[in-house]
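Student: Need coordinates for the following:
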Amino acid sequence: MVIEYDRAGMSTAEEPLDTAKPVDPFHHKCSGYHRFFLWILLFYALFAIYGRALPFPFLFDDVASIQNNLDLRSKDGWFRVFTSHPTSLQFDRRPVGGLLSWLNFQVFGLNPAGFRAVNLMIHWLTAVLLGETLILAMRRVGQVRAGWALACAAVWAVHPLNSMPVVYISQRMESLMAAFYVVALWALLKANVQGELTRTNKIWSHSMMLCLCAAVLAILSKEVGVTLLVAVPLVDWWCGTTQGQPWLFVKRNRKVYLIMGFVFGAVMLWHSRGPRADELITGEPLAVPWEYFKVQCGSVFNYLKLIFWPHPLIFQHAPVPAMGLSQWLPQGLALAALLGLILHLGRFYKWVVVPGLLFFIVLAPTSSFVPIPADPQLEHRMYLPSFFVIILAMALGTGLVRLLKIGRWGSMAIVGVIGAVLSLATVRRVADYESPATLWNDVVSKQPWNGKAWINLGIALLDSDPQAAGQCAQHVIAMAEDNPTALSWGRMLEGMAIFHQGDYQAGGNTALSGSAPGEPQPEGDYSLALAAFEEAGKLNSAGELTGLSTYIGHTLIRLNRIDEGIGLLRQELARESFGTYAAKAALAEGLYKQGNTVEALQLLAQLKQEAPQLRIVAEVERRMASAPSQPSDRAGLPK
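Tutor: Numbers count the residues shown, from 1 in each chain. The predicted structure is shown next:
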């Protein structure tokens, strides 16, 4: 049976082609005005959930990619995000997120609330796009009621599993990719409907052009967008099944696939030449595709569990060792059975195939055989795939509602309770992002064996409680055993804690030349810090310890080995690494002690303008102001 469409793209068939489709639990037809009102209500609900998190400080990679990123302050920074500039590696080959962050900085400066407000808007728009795309898809099978689609989108929007791309600013690439991905699918559905209405073979409609442009923006947001090369033909095939001709649109849109494939190939070649490509070939033993696949069986299984029971949610999982047969085979068989069930049900209920396969398709680049050893398990990868699982879960729930003969208000109550429970869970999850210390403390409480989390918790505590940071270093050293890399990080953190303990002991009264009478002498502590830094460097000769050279140079200056420290810091600044501000602050202190006050004051003034929020800037200014020097040398410093 062929379905006819009116001018609005609505099905005019008296009976749907697929009699096994999900039924709207709200039993209500939503007009465009009603949907607009409901989407606005969803935005207010999301603001109530995430509003508290807007002013939270920058976290983890946010510090390097936003707070300390010199490119955002440059007038040509919009161009640098298209290159492999050292201070914008977080945006490497992801120019959409980089350009948006550059615009964010031009409008809001370093106000994290402005950045997160944009993330929240992207999240809400993605939810709207998902709901509207699902409504358009349901029309193809004769379902014109929108309540069910709105419920799916709302549940997805308030789910705690999807909170990271909203609160963690650096993961806006995930939500941007998802938004453009869905726009491409919506435009494809629209183009196919328009093709049916005109009864022509013309493929280059405005909707198809929008589909192609959105697809390119998706892959320029994040590499996972390349899966549209498979998703688009899959949706075309499904559109054909609703017409009784499965390959109708696939054959008609072959030129679109060829153009998309050519553009995507060029973009992926560009990706392969960037620094981010190193993530695919470093790290043992998970750099081996088969070993990585075994780990992903457990990871994907855990992702599915978190949709139905979102606990525990972990910001950064502990490194995963190679797995034995008994550790990955049960999960692998379960996932294979799930895929087989989807394909089997697709023989009878064609609509099941699309969300079922899209779940695996979108996850494939990061959660199959392509090794990303540094980050084998990241929950934000479920941002878009979770919606496809929610569709199937809601469809199953609809079947149970019909079986139990629950009425309209009962169905609405069930969905409302689910949404309320998920919203409360998201509010609790958002609270974990209040500060770097609370975030990493949450991780170590859930995974006490997570050495990376202990390192980051120690770094977060350096300014407020260096003694606790030293205890974190001892945790890392104790867990390192025969792992030189982990031991080197532990020794470096130990040195950082000792270094900051010296500042802590100074209490704002220690001069550059030494302590006041009766106060602790921090110089001995700096000697211990230097020993720890040097040992860390010997353990990790590959130079993977970010900021180690800066700390060594700064420690040498504190120990009055000024020329050595200045030389090392100038070398570090020449590399334009993430530690540029810290290196400049240390260099300013060294130059002032050396007697080169003019350059020192210029550096300090530059730092106070570019990064006034950094503690190291205030500490160096305090030390320079309290150092004994000639009155003319102290010009421009507070007394």
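
Student: How far away from the center of its chain is stretch 393-410?
Tutor: Between the centre of stretch 393-410 and the centre of its chain there are 35 Å (C-alpha atoms, centre = their mean, to the nearest Å).

Student: list the buried ones in that stretch?
Tutor: By neighbour count on 16 or more other C-beta atoms under 10 Å, the buried set for stretch 393-410 is A393, M394, A395, G397, T398, V401. Any C-beta I mention is one placed from the backbone N, CA and C, and that applies to glycine too.

Student: hang on, F315 in a strand?
Tutor: No: secondary structure of F315 (DSSP: H, G, I helix; E, B strand; the rest coil): coil, not part of a strand.

Student: Hmm, it is touching D442, no?
Tutor: Yes: counting by C-beta atoms under 8 Å, F315 does reach D442; the two are 7.2 Å apart.

Student: shared neighbours of the two, anything?
Tutor: Common contacts of F315 and D442 (C-beta atoms under 8 Å, 6 or more residues apart in numbering): D432.

Student: ok, which stretches of the stretch 51-200 of the chain are helices?
Tutor: 61-62, 70-73, 77-80, 95-108, 112-139, 147-158, 164-167, 172-198 (DSSP state H, counting those that start in this stretch).

Student: Could you give the average pLDDT over the shortest one?
Tutor: In this model, helix 61-62 carries a mean pLDDT of 90.

Student: Which of the buried residues of stretch 393-410 sits closest to L70?
Tutor: Of all the buried residues of stretch 393-410, L70 sits closest to A393, with 45.8 Å by C-beta to C-beta.

Student: Looks like the closest one contacts P355 (just checking).
Tutor: No: counting by C-beta under 8 Å, P355 is not a contact partner of A393; they are 10.0 Å apart.

Student: Could you name the helices and strands sitting against whichever strand or helix holds L568?
Tutor: Following DSSP states H and E, one finds L568 within helix 562-574. The contact analysis (3 or more C-beta pairs under 8 Å, 6 or more residues apart in numbering; DSSP states H and E) places helix 562-574 against helix 548-558, helix 580-594.

Student: Just give me the lowest mean pLDDT stretch among those helices.
Tutor: helix 580-594 (a mean of 89).

Student: buried set for that helix?
Tutor: 580-593.

Student: Wait, a strand at F388?
Tutor: No: F388 is assigned helix when assessed by three-state DSSP, not a strand.

Student: Now do the spatially closest residue to it that is not a sequence neighbour, the pLDDT please.
Tutor: Nearest residue to F388 in three dimensions, chain neighbours excluded: P355, at 3.9 Å (C-beta to C-beta, 6 or more residues apart in numbering). pLDDT recorded at P355 is 97.

Student: What of the one 3 residues further on?
Tutor: The per-residue pLDDT reported for L358 equals 97.

Student: Quick check: nearest residue in space to it, chain neighbours excluded?
Tutor: F388 (4.8 Å).

Student: how near is the one you found to Y181?
Tutor: Counting by C-beta to C-beta, to the nearest Å, the gap from F388 to Y181 is 11 Å.

Student: Check the contact lists of the two and give me the overlap.
Tutor: V362.

Student: more neighbours, these two?
Tutor: Y181 (28 against 22; other C-beta atoms under 10 Å).

Student: Contacts only, for that one.
Tutor: A214, A215, A218, G225, L228, A231, V362, L384.

Student: at 6 Å what do you get?
Tutor: A218 (C-beta atoms under 6 Å, 6 or more residues apart in numbering).

Student: mean confidence for stretch 422-440?
Tutor: 97.

Student: now the end-to-end length of it.
Tutor: End-to-end span of stretch 422-440 (C-alpha to C-alpha, to the nearest Å): 23 Å.

Student: so R429 touches S163, yeah?
Tutor: Yes: counting by C-beta atoms under 6 Å, S163 is a contact partner of R429 at 5.2 Å.

Student: Looking at those two now, which is surrounded by more residues?
Tutor: Remark: of R429 and S163, S163 carries more neighbours, 27 against 22, as counted by other C-beta under 10 Å.

Student: residues contacting the more buried one?
Tutor: T426, R429, V430.

Student: can you put those in CSV and add distance to V263?
Tutor: Formatted as CSV, these follow (distance: C-beta to C-beta, whole Å):
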residue, distance to V263
T426, 37
R429, 37
V430, 38
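
Student: Mind giving me the packing neighbours of the helix or strand where L46 lies?
Tutor: Using DSSP H and E, L46 sits within helix 32-50. On a contact count with 3 or more C-beta pairs under 6 Å, 6 or more residues apart in numbering; DSSP states H and E, helix 32-50 meets helix 112-139, helix 408-431.

Student: residues in contact with the helix or strand containing the residue nearest to F388?
Tutor: P355 is part of helix 350-363 when elements are defined by DSSP H and E. Helix 350-363 is touched from outside by 21, 227, 230-231, 238, 241, 342, 345-346, 384-385, 388-389, 391-392, with contacts defined as C-beta under 6 Å, 6+ apart.

Student: One more: stretch 550-561?
Tutor: Applying C-beta under 6 Å, 6+ apart, the set of residues contacting stretch 550-561 is 526, 529-530, 533, 564-565, 568-569, 572, 579, 582-583, 586, 589-590.

Student: Now the lowest-mean-pLDDT helix or strand in the chain: buried residues?
Tutor: Least confident helix or strand, the chain: helix 77-80 with a mean of 74, by mean pLDDT, DSSP states H and E. Using 16+ other C-beta under 10 Å as the test for burial, helix 77-80 gives G77, W78, R80.

Student: Spatially nearest residue to the last one (excluding sequence neighbours)?
Tutor: Just to be clear, that refers to R80. According to C-beta to C-beta, 6+ apart, the nearest residue to R80 is D71 (4.4 Å).

Student: and if you look at the first one?
Tutor: With C-beta to C-beta, 6+ apart as the criterion, G77 has its nearest non-adjacent residue at 4.2 Å, and that residue is D71.

Student: And the one you found, how close does it get to L99?
Tutor: Taken as C-beta to C-beta, the span from D71 to L99 is 11 Å.

Student: From I361, how far off is the spatially closest residue to F91 that is not a sequence neighbour?
Tutor: Nearest residue to F91, sequence neighbours excluded (C-beta to C-beta, 6+ apart): G98, at 3.1 Å. Between G98 and I361 the computed distance is 26 Å (C-beta to C-beta).

Student: out of these two, which sits in the busier spot?
Tutor: Comparing G98 with I361 by other C-beta under 10 Å, the one with more neighbours is G98, at 28 against 18.

Student: unless I'm mixing things up, the more buried one is touching D92, no?
Tutor: No: using C-beta under 6 Å, G98 and D92 do not qualify as a contacting pair, with a distance of 8.4 Å.

Student: ok, and the closest non-adjacent residue to the most centrally placed residue in the chain?
Tutor: In the chain, the residue lying closest to the centroid (C-alpha atoms, centre = their mean) is Q171, at 2.3 Å. Sequence neighbours aside, P165 is the residue nearest to Q171 in space, at 4.4 Å (criterion: C-beta to C-beta, 6+ apart).
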